[in-house]
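*Asks:* prediction below, plus the sequence it came from.
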Amino acid sequence: MSSRFGDAFLQYIIADADGFLELENIGGESHADGYEWLLAYLWNIKFKRAYRLGLPKTYITKNDRISRVRGTINAVDYFRNNTSGKYLCSYREHSYDSPATSLFIKAYEAVEHYSFCQRTRNVYNSFLTANQGVKRFRQEILRTPYFTNPFYNDYNVLIDLSKQVISQQGSGFNSRHDSSAFFFDISMLFEYFIRKLIKRDGVRLLSKFEQRYEIPAGAQRQLYAQT
């Protein structure tokens, strides 16, 4: 069900709401106003947020003939070509190109028709440059592993969302094929929103399960008399 204020409210707070309950294989129902844009909006927010960490880098192994020894030198090749002045070395270096880069590019292209995705077009262009035109099959990018560096944890969240965006491309929530949907408890989401506003103003909130110990008024007077 939709309302004239509902979509704007969800857009405003979805950037800070991380907990969603995913309902598997609930795509057989038909709705005139689908909410597939919610997944795209959430993905776009996480895409922009993760990019604050910079482009994710991974280590790759390279084998190259270079003028200075780097990493591990190929001893057999050295004795065979010791007059060339170059050494066949195996070494590791940082690279921006990875299956994750291709995954994010593919996911963006699946949701770029939404107007709000134009705000992250520059981020998409940065990933295109880092990808250097490398083409990967759909199966490969859907097997993209998490980054092991904890610094890139925000990108791991984006990896999960990107796989969902790509998997649902071409089916939609109102198709007859199996797909996933997201269930929002609006009342709980609104309470979460109000809680954030109160905490932002510096008010300390106490849990309803927190035990508060108080001294009865009579006991206070008795303690004062004894001191």
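*Replies:* Sure, I can see it. Numbers count the residues shown, from 1 in each chain.
*Asks:* okay, buried residues for stretch 82-94 please.
*Replies:* Tyr87, Leu88, Cys89 (16 or more other CB atoms under 10 Å). All C-beta spots, glycine's among them, are computed from the backbone N, C-alpha and C.
*Asks:* which strands or helices does the host helix or strand of Ala50 pack on?
*Replies:* Secondary structure assignment for Ala50, by DSSP states H and E: helix 36-50. For helix 36-50, the packing partners by 3 or more CB pairs under 8 Å, 6 or more residues apart in numbering; DSSP states H and E come out as helix 6-13, helix 99-111, helix 153-167.
*Asks:* from the buried residues of stretch 82-94, which land in strands?
*Replies:* Counting by DSSP state E, the part of these found in strands is Tyr87, Leu88, Cys89.
*Asks:* surely the second one and Arg65 touch.
*Replies:* Going back to what we said before, that points to Leu88. Yes. Using CB atoms under 8 Å, Leu88 is in contact with Arg65, at 5.1 Å.
*Asks:* hey, where'd the helices end up in this structure?
*Replies:* Along the chain, the stretches classed as helices by DSSP state H are 6-13, 36-50, 75-80, 99-111, 121-131, 138-142, 153-167, 186-200, 217-226.
*Asks:* any idea of the angle the fifth one forms with helix 99-111?
*Replies:* Okay, so that is helix 121-131. Counting by axes from the mean of the first three to the mean of the last three CA atoms, to 10 degrees, helix 121-131 lies at 140 degrees to helix 99-111.
*Asks:* and the second one, by the same measure?
*Replies:* Taking the same axes, to 10 degrees, one finds helix 36-50 and helix 99-111 inclined to each other by 140 degrees.
*Asks:* which secondary element of the chain has the worst mean pLDDT?
*Replies:* For the chain, counting by mean pLDDT, DSSP states H and E, strand 21-23 ranks last in confidence among helices and strands (a mean of 41).
*Asks:* run through the residues that contact the residue nearest to Arg136 when sequence neighbours are not counted.
*Replies:* Using CB to CB, 6 or more residues apart in numbering and skipping residues adjacent in sequence, the residue nearest Arg136 is Ser102, 4.5 Å away. Counting by CB atoms under 8 Å, 6 or more residues apart in numbering, Ser102 touches Asn131, Val134, Lys135, Arg136, Glu140, Ile141, Thr144.
*Asks:* doesn't Asp97 make contact with the fourth one?
*Replies:* Read it as Arg136. No. Applying CB under 8 Å, one finds Arg136 not in contact with Asp97, separated by 10.0 Å.
*Asks:* could you count how many residues lie near the nearest residue to Ser84 once chain neighbours are set aside?
*Replies:* Nearest in space to Ser84, with sequence neighbours left out and distances taken as CB to CB, 6+ apart, is Arg65 at 7.9 Å. Around Arg65 sit 13 other residues, with neighbours defined as other CB atoms under 10 Å.
*Asks:* test my guess that Arg65 contacts Tyr91.
*Replies:* No. The pair Arg65 and Tyr91 fails to qualify as a contact (CB under 8 Å) at a distance of 11.8 Å.
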